[in-house]
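Enquirer: I need the structure of the sequence given here:
(2 chains)
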There are 2 protein chains.
Amino acid sequence: MDWETLAKDLTVSNDAKIVLLVLDGMGGLPVDGKTELETARTPNLDALAARGACGLTNPVLPGITPGSGPAHLSLFGYDPLRHQLGRGILEALGSGVEVGPNDLVARGNFATFKAGLVTDRRAGRLATEINARICQGINAAFASSKGAKAPFEDVEVRLFPGKEHRFVARFSGEGLDDRLSDADPQKEGKPRVPAKPLAPEAERAAAVVNRFLDWVTDLLKDEPVANTILVRGFSKFPSIPSMSDLYRIRPAAVANYPMYKGLARLLGMSVLDAGAETSSLFDALEKHYKNFDFFYIHYKKTDSAGEDGNFAAKVAAIEEIDAFLPRLSALGPDVLVITSDHSTPALLKGHSWHPNPFCLVSKYALPDAVTRFSERDCGRGILGCFPALQAMPLMLAHGLKLKKYGA
Amino acid sequence: MDWETLAKDLTVSNDAKIVLLVLDGMGGLPVDGKTELETARTPNLDALAARGACGLTNPVLPGITPGSGPAHLSLFGYDPLRHQLGRGILEALGSGVEVGPNDLVARGNFATFKAGLVTDRRAGRLATEINARICQGINAAFASSKGAKAPFEDVEVRLFPGKEHRFVARFSGEGLDDRLSDADPQKEGKPRVPAKPLAPEAERAAAVVNRFLDWVTDLLKDEPVANTILVRGFSKFPSIPSMSDLYRIRPAAVANYPMYKGLARLLGMSVLDAGAETSSLFDALEKHYKNFDFFYIHYKKTDSAGEDGNFAAKVAAIEEIDAFLPRLSALGPDVLVITSDHSTPALLKGHSWHPNPFCLVSKYALPDAVTRFSERDCGRGILGCFPALQAMPLMLAHGLKLKKYGA
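Expert: As a prediction, this is how the structure comes out:
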């Protein structure tokens, strides 16, 4: 029996409130002897560490660096080795694009194509309004063009503009398998590449996608910068049980990036939109606090700074969120967990496999000797080093939302 | 390959003696800053912690609160998510009731039934002798009554009296599936409820059980207090390998509660009866020490005090058992483990999910810096926080009862 089966059997609904604050990519590595967390001044995180039970979590397995999708799935109690999500579906759902069972979605970029080579994979990060105008033009041309559809007249394609050069592409039609390679050379100065079928069942989808890419590139030939598109992360709507079905909770997500909102929608969370300002995360939480009993709050700046390799910016991002924590504590959640989906050490300029600091505060948690919230301090916590997949059972248990197993 | 397969391949028989002392429900939570264990004066437990290797165990999974059955199975090396035991079978076996492959057993209570409602689920905790007299009357009436049997003439039913209001019911006949809900309203002031089949195969068993319950209620209508019965925990004899087959040991259990004796019998242990006095556990151990090489000793008072929410009584129970430990050490077992099946914090008045302190003393164990036996001290032990399912391999290994795996 696995956790999902167990959860369905054992969870009970009650009024206890659980708040899970995810500081994306929070964990780091030392530069001059101290990690980003160890360098930051974090009186509020430290006070919570002192009150709570601490540990370290492995998102997937020790040594495995996860993408944001699997890392978050694990935190929400879904085995990331069992449930695999395409980035395209997350982006689509996060952008509010409707996706049905016959839809194949992908993330797209406008790009610059010259003399047979992709010279700029982001088309100079074109203005968001220009992106919207070009997408509209493509959609209108597709709707009126026989050329775009033939020989796939039963497939509809639509582009949904995002920020700067980004969009979501949706291909709607029967039998569009998502086992396709990315139609993206990944590096500049290379030719365009077609989507390749990774299974025989995906041959039709590859033909449809590649026909569309060629047609768009021809259509855009007079655009100065955005004259081709690259698409990647092909995916269909996965079948995954909702958090409310599994856990008998009313879950809400407070996030402002499409990817995380998409993941939240996929798991059946209500998405409470937050603005770009960090304060808006807490505004949304406070406003809706009475309406839900599980809150996932996503803070992105720690990860972005880590990805940029900017140690000082990551320290500042940690200190920024720390200052908001009294607003969270003031709500008095029955269970408060502060952790991360994965580490993003500035030293590595990207996600890493290092385990995540984890702190759980609840009147039923046994406080340990940890009084500072950092990688090495949490490593001495009473929860030890454990799979992130166990975070959800722990949160539910401390909220008294799990019945006894067996007699 | 799982542990059971590995165990069959790798275990060897030798003379090393292993003693596993289970202080039921020992782990707790702080009240005024200290847990029950931290409050208790435990010079002998502390001395063992100082000599041994310490850690914390999770009975099933972090966050999962186990019943006594799964928690004990795990300690004995049986995956509790794979082997699921009904409480009825444990109670029956513990009470010395013989159970065969065609027998369906359940735990029962005499109860008081007035004006269509169950007014006392324990019939005023009636005297044990009255219980025995009523059971005898029911068994005799059933043996002579056609009415009780029809329309299930091929089923025999017998009640085995226990203490106060408790008994074990055994239904013997072909095709009695145990997938039945409890015939117990669980709360007082409610009507009687029938057993409901949880699978189509259990429809016959439900009909038999409910027919019997109605007949008994009619038979007892002139009893003043014990005038109906409630039955729950329907179960059949499970197929589970014995500890001697798996581990090549001669195991014995020293316990005085039916449930734990039942579990021990189920796993093929010899049960050395102990009286209600704590000293009798050690009397039995000393008396039979030469005849076995694995001893499971069950101490119940810690759990009972925790269930009652009586912090002081739990502290006293811990101090009481501590005082007996020199008798255990004097026997000089090759491997001594002191731990618990699950935690029962007085704060929660029931079982909980918190991991259990664990201390292993053996000349082949690496002592750590832990010098006090408590939840938080063991949390800093060299064994870390680990699944209780790994306790048995560790005990056998330190007794040099496990061969090398592979060449």
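
Enquirer: Tell me where chain A has strands.
Expert: Counting by DSSP state E, one finds strands in chain A at the ranges A:18-23, A:53-58, A:103-114, A:117-120, A:156-161, A:166-172, A:228-235, A:251-255, A:270-273, A:294-299, A:335-339, A:356-361, A:384-387.

Enquirer: ok, residues contacting the second one?
Expert: To tie it back to what came earlier, the one meant is strand A:53-58. A:64, A:75, A:339, A:355-361, A:365-368, A:370, A:373, A:375, A:377-388, A:390-391 (Cβ atoms under 8 Å, 6 or more residues apart in numbering or on different chains). Using the backbone N, CA and C atoms, a C-beta is placed for each residue, glycine as well.

Enquirer: For chain B, tell me which of the residues you listed show up nearby.
Expert: Contacts with chain B within these, counted by Cβ under 8 Å from any Cβ of the partner chain: A:L366, A:P367, A:D368, A:R380, A:I382, A:L383, A:G384, A:C385, A:F386, A:Q390.

Enquirer: Contact partners for the third one?
Expert: Neighbour list for A:D368: A:A53, A:C54, A:R380, A:G381, A:I382, A:L383, B:R376, B:G379 [criterion: Cβ under 8 Å, 6+ apart].

Enquirer: what sits opposite the residue lying closest to A:H354 once chain neighbours are set aside in the beta ladder?
Expert: The shortest distance from A:H354 to any non-neighbouring residue, by Cβ to Cβ, 6 or more residues apart in numbering or on different chains, is to A:S343 (4.1 Å). Taking DSSP bridges as the rule, A:S343 bridges to A:G25, A:S352.

Enquirer: Same question for A:S270.
Expert: Counting by DSSP bridges, the residues bridging with A:S270 are A:A252.

Enquirer: Was I right to think it contacts A:A253?
Expert: Yes: here A:S270 lies in contact with A:A253, judged by Cβ atoms under 8 Å, at a distance of 7.2 Å.

Enquirer: Looking at these two, which is more packed in?
Expert: More crowded of A:S270 and A:A253, by other Cβ atoms under 10 Å in any protein chain shown: A:A253, with 27 against 15.

Enquirer: Surely the more buried one and A:H298 touch.
Expert: Yes: proximity of A:A253 to A:H298 meets the contact threshold set by Cβ under 8 Å, at 7.0 Å.

Enquirer: Now for the two: what residues contact both?
Expert: A:Y260.

Enquirer: quick one: contacts for A:D303?
Expert: Contact partners of A:D303, counting by Cβ under 8 Å, 6+ apart, are A:D24, A:G25, A:M26, A:T344.

Enquirer: what's around the first one, how many residues?
Expert: Read it as A:D24. By the criterion of other Cβ under 10 Å, A:D24 has 25 neighbours.

Enquirer: Most neighbours among the ones next to chain B among the contacts of strand A:53-58, which one?
Expert: Neighbour-wise, those (other Cβ under 10 Å) top out at A:L383, 27 neighbours.

Enquirer: Need phi/psi at it.
Expert: Dihedral pair for A:L383: phi -80, psi -10, per degrees, to the nearest 10.

Enquirer: Around chain B, which positions in chain A sit nearby?
Expert: So far as Cβ under 8 Å from any Cβ goes, chain A lies against chain B at A:1-3, A:6, A:10, A:364, A:366-369, A:380, A:382-386, A:390, A:392-398, A:402-407.

Enquirer: what about 7 Å?
Expert: A:1, A:3, A:6, A:364, A:366, A:368, A:382-384, A:386, A:390, A:393-394, A:396-397, A:402, A:404-407 (Cβ under 7 Å from any Cβ of the partner chain).

Enquirer: Those residues in helices, which ones?
Expert: Under the assignment DSSP state H, the residues of chain A next to chain B contribute A:W3, A:L6, A:P393, A:L394, A:L396, A:A397 to helices.

Enquirer: Switch those residues over to CSV; also include neighbour count.
Expert: Below are those laid out as CSV (neighbours: other Cβ atoms under 10 Å in any protein chain shown):
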residue, neighbour count
A:W3, 20
A:L6, 19
A:P393, 24
A:L394, 27
A:L396, 27
A:A397, 25
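
Enquirer: Nearest to A:K34, out of these: which one, please.
Expert: A:L394 (28.6 Å; Cβ to Cβ).

Enquirer: Correct me if wrong: the closest one contacts B:T65.
Expert: No: using Cβ atoms under 7 Å, A:L394 is not in contact with B:T65, being 11.7 Å away.

Enquirer: Quick check: chain neighbours aside, which residue is closest to whichever residue of the stretch 1-150 of chain A sits closest to chain B?
Expert: Nearest to chain B, among the residues of the stretch 1-150 of chain A, is A:M1, at 4.4 Å (Cβ to the nearest Cβ). Leaving aside its chain neighbours, A:M1 sits nearest to B:L81 (4.4 Å; criterion: Cβ to Cβ, 6+ apart).

Enquirer: Near the one you found, how many other residues are there?
Expert: By the criterion of other Cβ under 10 Å, B:L81 has 19 neighbours.

Enquirer: Just the pLDDT at it, thanks.
Expert: With respect to pLDDT, B:L81 scores 93.

Enquirer: Any idea which residue is closest to the centre of chain A?
Expert: For chain A, the residue nearest the mean C-alpha position is A:Y260 (3.8 Å; Cα atoms, centre = their mean).

Enquirer: thinking it is in contact with A:H298, fair?
Expert: Yes: distance between A:Y260 and A:H298: 4.5 Å, which falls inside the contact criterion (Cβ under 7 Å).

Enquirer: before we move on, the earlier item: return the distance of the residue nearest to the centre of chain A relative to chain B.
Expert: 24 Å (Cβ to the nearest Cβ, to the nearest Å).

Enquirer: For that residue, give its distance to B:M26.
Expert: Here the criterion is Cβ to Cβ, to the nearest Å. By it, A:Y260 lies 42 Å from B:M26.

Enquirer: Tell me who's in contact with the residue of the stretch 101-250 of chain A found nearest chain B.
Expert: Proximity of the stretch 101-250 of chain A to chain B (Cβ to the nearest Cβ) peaks at A:Y247, 11.6 Å away. If you count contacts by Cβ atoms under 7 Å, 6 or more residues apart in numbering or on different chains, A:Y247 has them with A:A7, A:T11, A:L396.

Enquirer: The first one: what's its closest spatial neighbour, skipping adjacent residues?
Expert: Of all residues beyond its chain neighbours, the one nearest A:A7 is A:L246 (4.8 Å), with distances taken as Cβ to Cβ, 6+ apart.
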